[in-house]
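In: quick check, what structure comes out for this input:
(chains A and B)
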Amino acid sequence: MRQSLRSFSLAASLALVTASAAHAVELQWWSHWAIEDSKKSVLFEAKRRFEQKNPGNTVTITFYEKKNMWPTLRAAFTAGSGFPDVFYYDTDVPEFMTAGWLADLSSGIRWENIEPFGKAFWTRPGPPGKTGTWAIPVETASDEIYYNKKLFKQLGITVPAGFAFTQDQFRDVVGKCARAGYAAFATGASDREWAAHYIPNALLLDTLGADDFRRLAQGEISWKDPRVVDVFRYYKELIDLGAYAKTLSSMTLAEAHRYFHTEQKACMFPVGSWYTGRAFVPPDKGGQPKDFELGMLNNPVVKDGKGHGQKFLGVAGSLGVAAKSPNLPLAVKVADAFADVEIGNMWMAKTGVQTGIKTDPAKIDSPLKWYFDEYARVNKTTRWVDLTAQQVRLLMKPGLWETYVATVNQGLPNKLIGPDEALAKLEEARLKGK
Amino acid sequence: MTFYNSLHTLRMDLGMLTEFVGFEHFREILTTDDVFWKAARNSLTWGIVAPLVDIPLALMLALTLHARVPFARVFRTVWFTPVLMSYPVVGVIWLWVYNYDWGMANLALRAVGLGGFAQAWLASPATALPALILVTTWMFAGFNMVVLLAAIHAIPPEYLEAATVDGAAGWRRLLHIIVPLLRPTIVNLAILDFIGKMKQFALVWVMTRGGPMWGTETVATYVVKRAFEWKTLDLGYPSAIAVIWFVIIFGLSLLLTRVLQRREALEF
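Out: Numbers count the residues shown, from 1 in each chain, chains lettered A, B, ... in the order given. I've put the predicted structure just below:
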């Protein structure tokens, strides 16, 4: 009898161990931001909270540079296996939504902790006949023009009271930088299709205003519209003055950051306000030097423009869940760990980047307060336009976007073509309607 | 399967919605798609230029080793090593080499007083494609060299001795004895090189993604872009490009084989 009881209890213990092991799930999370320690710390906090609330289940985060992550994800989703449960997502790959690779997060997420504009942004048509909410808007960012205050002082450049140069003043600034041996813009276009789009986008926005900018991108306004022609010709003047470094096409985004704040070879850096995620980390991890004086500008003011004071702002890095994850309910819980005001506060405090998660400013205690104050001061009167350089592709048809990349990210800044040829190619692409 | 797909639109983004369109994709590619023609021209250029550069260079290296120069074993290892590396690794290394500011190419030019020729090699269509061709030459010269060296070793020594006795030395022995005897090997290497370059993808993807201004776009990169980077995710159109390119490569390979192997292989 004793023998039987012992066997029974052993068998029961083994069964319990086996059962708990069978329920333990290791979720896979692929993320961009491989070299952004401040963002990574927030991701690890979300992971920790999930694991604490769901004992026995673990999350493994694998970090990629997103340029390499997209093709891997595409291949995995197409093959139907090898994809992660949770992954970084943004507008670089809008087709993931319509392909049905993203889970609809309309339910299972504490949306009350997410800013309504963030939820609205990701609430879009998905696969045929289905509209859903496809991602959590972790990061939001505006298209900014940062500048090196020390270099500006050295070159005798004074920033106007409204932080915006006129067209003529901006031309002078670019000329002064180039003549002194600096690039005007620290742009590296080798690993981002839109890296050199910031300045032309800003000029087009200031000239056309938000509505006509959108209509232009959507193919409803001709690229031969005289206002657009003027912008491109003016932009070409900046390029000819030496706006971009010769390293433009071989420089990566990460290198462009260093080029701007560490090597200090450029006066300005037109980039998303997620700049801070990479720059506000210790210098030995690629951050800006402690004594670097960062300034911010508003878009140049184009004569007779209709978009004065406007600037692009939109959702950037987000979090998606694989629709076919075998652990879907748990994967949604991982995403939900981000829908938390404390996580929002932590994101702001550590990264200095805006977020689509709700925050409680009174509880944000950050060494980056000086930056938030500067950002607020520069953008005091800004009228935000819900779009960013990365999101323009959402408005354009694929053929037009490809041509926009080839001409504006490559051809024009490398002086391979002139404005008229660029515009002719864009117009041709628009008329093709593909 | 690819041919079947090429006659349809096959929208991954619309739940694999399929619609029969006949030869419409083929018509569009051949009549209105400028990027396809640029990509085809680049691929063909690569396919033709690479064997013309790779094989004479490989032959030169093989002859150098065959002549038992000092440190021949070291050279053989050094020259062969690049082919063992993957395209992504090679691509990243050569991105550094071609960097305008601190790349080895421009540093070397500046060091010998030719700084005026220093340039952003991958920033212009005029230099980007030749720069990529140079990379594949660097990569595959060693492989071709080893194959040619084996073929040279297989030439009976009495042929070369007889030629020397008859007064054929140096270039004459190379052009009239060695090269004709190596002809079948050279033809096979040329065809393999041609086919390999006509479907070049990974190196371009890592180094230029087809830019600037489609200057290094190959048919393979264009197929991938049309299949997976255009937000329509239509597999039909890129399938049609793949079919056209398969027919072209197959036809040209047959033609090359016929033309280059028209003479009987010499027996020895």
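
In: so A:W223 sits right up against A:E427, yeah?
Out: Yes: taking contacts as C-beta atoms under 8 Å, A:W223 lies within contact range of A:E427: 4.3 Å. To be clear about C-beta, it is placed using only N, CA and C from the backbone, and glycine gets the same treatment.

In: more neighbours, the two?
Out: With neighbours defined as other C-beta atoms under 10 Å in any protein chain shown, A:W223 and A:E427 compare such that A:W223 has more, 23 against 18.

In: tell me the contacts of the more buried one?
Out: The neighbours of A:W223, taking C-beta atoms under 8 Å, 6 or more residues apart in numbering or on different chains as the test, are A:L216, A:L423, A:L426, A:E427, A:R430.

In: need the pLDDT of the second one.
Out: Taken from the predicted model, the pLDDT recorded for A:L423 is 98.

In: which element, helix or strand, includes residue 27?
Out: This is for chain A. Element membership of A:L27 [criterion: DSSP states H and E] is strand A:26-31.

In: try chain B instead
Out: Counting by DSSP H and E, the element that carries B:R27 is helix B:24-32.

In: could you give the number of residues near the nearest residue to A:S142 once chain neighbours are set aside?
Out: Computed as C-beta to C-beta, 6 or more residues apart in numbering or on different chains, the closest residue to A:S142 that is not its neighbour in sequence is A:L313, at 4.1 Å. Residue neighbour count, defined by other C-beta under 10 Å, stands at 23 for A:L313.

In: same thing with B:A202?
Out: So B:A202, with other C-beta under 10 Å, has 14 neighbours.

In: what separates the residue in the stretch 251-400 of chain A positioned nearest to chain B from A:G433, distance-wise?
Out: Closest residue of the stretch 251-400 of chain A to chain B, C-beta to the nearest C-beta: A:P398 (3.7 Å). To A:G433, A:P398 is 11 Å away according to C-beta to C-beta, to the nearest Å.

In: who's more crowded, those two?
Out: Neighbours were counted for A:P398 and for A:G433 using other C-beta under 10 Å; A:P398 has more, 19 against 9.

In: who touches the more buried one in this structure?
Out: Going by C-beta under 8 Å, 6+ apart, A:P398 touches A:K434, B:E229, B:W230, B:K231, B:T232.

In: please apply the same query to A:H257.
Out: Taking C-beta under 8 Å, 6+ apart, we find A:H257 in contact with A:A186, A:F269, A:Y275, A:R278, A:A279, A:G286, A:Q288.

In: narrow the residues you listed to those in strands?
Out: Counting by DSSP state E, the part of the contacts of A:H257 found in strands is A:F269.

In: how about the residues of the stretch 301-434 of chain A by chain B?
Out: Contact residues, the stretch 301-434 of chain A versus chain B (C-beta under 8 Å from any C-beta of the partner chain): A:R393, A:P398, A:G399, A:E402, A:A406, A:T407, A:Q410, A:G411, A:N414, A:L416, A:I417, A:K432.

In: write out the residues of the stretch 151-300 of chain A neighbouring chain B.
Out: Looking at chain B, the residues of the stretch 151-300 of chain A close enough under C-beta under 8 Å from any C-beta are A:S190, A:A245, A:K246, A:T247, A:L248, A:S249, A:S250.

In: by neighbours, which of these wins?
Out: Result: A:S249 is most packed of these (other C-beta under 10 Å), 29 neighbours.

In: and that residue, what does it touch?
Out: A:S249 makes contact with A:A189, A:S190, A:Q410, A:N414, B:A120, B:L122, B:A123, B:G211, B:P212 under the criterion C-beta under 8 Å, 6+ apart.

In: now do the SS call for it.
Out: Secondary structure for A:S249, judged by DSSP: H, G, I helix; E, B strand; the rest coil, is coil.

In: contact residues of chain B facing chain A?
Out: Residues of chain B lying near chain A by C-beta under 8 Å from any C-beta: B:12-15, B:17, B:32, B:35, B:95, B:98-101, B:103, B:119-120, B:122-125, B:211-214, B:225, B:228-233.

In: of those residues, which belong to strands?
Out: B:L17.

In: would you report the backbone torsion angles of B:L174?
Out: The phi/psi pair for B:L174 (degrees, to the nearest 10) reads phi -70, psi -50.

In: what is the neighbour count of A:P300?
Out: Residues lying near A:P300 (other C-beta under 10 Å) number 23.

In: which ones are touching it?
Out: If you count contacts by C-beta under 8 Å, 6+ apart, A:P300 has them with A:A164, A:F165, A:T166, A:Q167, A:Q169, A:F170, A:A202, A:L203, A:D206.

In: buried only: go through those for me.
Out: Taking 16 or more other C-beta atoms under 10 Å in any protein chain shown as the criterion, what is buried in those is A:A164, A:F165, A:Q167, A:Q169, A:F170, A:A202, A:L203, A:D206.

In: max pairwise distance over these: which two?
Out: A:Q169 and A:A202 (14.5 Å; C-beta to C-beta).

In: could you export stretch A:96-107 as PDB, CA atoms only?
Out: Taking C-alpha atoms only, stretch A:96-107 is exported to PDB below (Å, rounded to 0.1, in the frame of the first residue of the first chain):
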ATOM      1  CA  PHE A  96       1.600  43.900 -43.800                       C
ATOM      2  CA  MET A  97      -1.900  45.300 -42.800                       C
ATOM      3  CA  THR A  98      -3.600  44.400 -46.000                       C
ATOM      4  CA  ALA A  99      -1.800  41.100 -46.300                       C
ATOM      5  CA  GLY A 100      -3.500  40.000 -43.100                       C
ATOM      6  CA  TRP A 101      -0.200  39.400 -41.300                       C
ATOM      7  CA  LEU A 102      -1.100  41.600 -38.300                       C
ATOM      8  CA  ALA A 103      -3.600  40.700 -35.600                       C
ATOM      9  CA  ASP A 104      -6.500  43.100 -35.000                       C
ATOM     10  CA  LEU A 105      -5.800  44.600 -31.700                       C
ATOM     11  CA  SER A 106      -9.300  46.300 -31.400                       C
ATOM     12  CA  SER A 107      -9.900  44.200 -28.300                       C
END
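
In: now check that stretch, is it near chain B?
Out: Yes: Stretch A:96-107 lies within reach of chain B by C-beta under 8 Å from any C-beta, at A:T98, A:A99, A:G100.

In: make CSV out of the residues you listed and add pLDDT and secondary structure.
Out: Converted to CSV, the residues of stretch A:96-107 next to chain B look like this (pLDDT from 0 to 100; DSSP: H, G, I helix; E, B strand; the rest coil):
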residue, pLDDT, secondary structure
A:T98, 86, helix
A:A99, 87, coil
A:G100, 90, coil
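
In: select only the buried ones of those residues in PyMOL?
Out: Here is the PyMOL command that picks out the buried ones among the residues of stretch A:96-107 next to chain B, judged by 16+ other C-beta under 10 Å:
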select buried, chain A and resi 98+99+100
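
In: nearest to A:D230, of the residues of stretch A:96-107 next to chain B?
Out: The shortest gap between A:D230 and any of the residues of stretch A:96-107 next to chain B belongs to A:T98, at 36.4 Å (C-beta to C-beta).

In: quick check: that closest one touching B:L233?
Out: Yes: applying C-beta under 8 Å, one finds A:T98 in contact with B:L233, separated by 7.5 Å.
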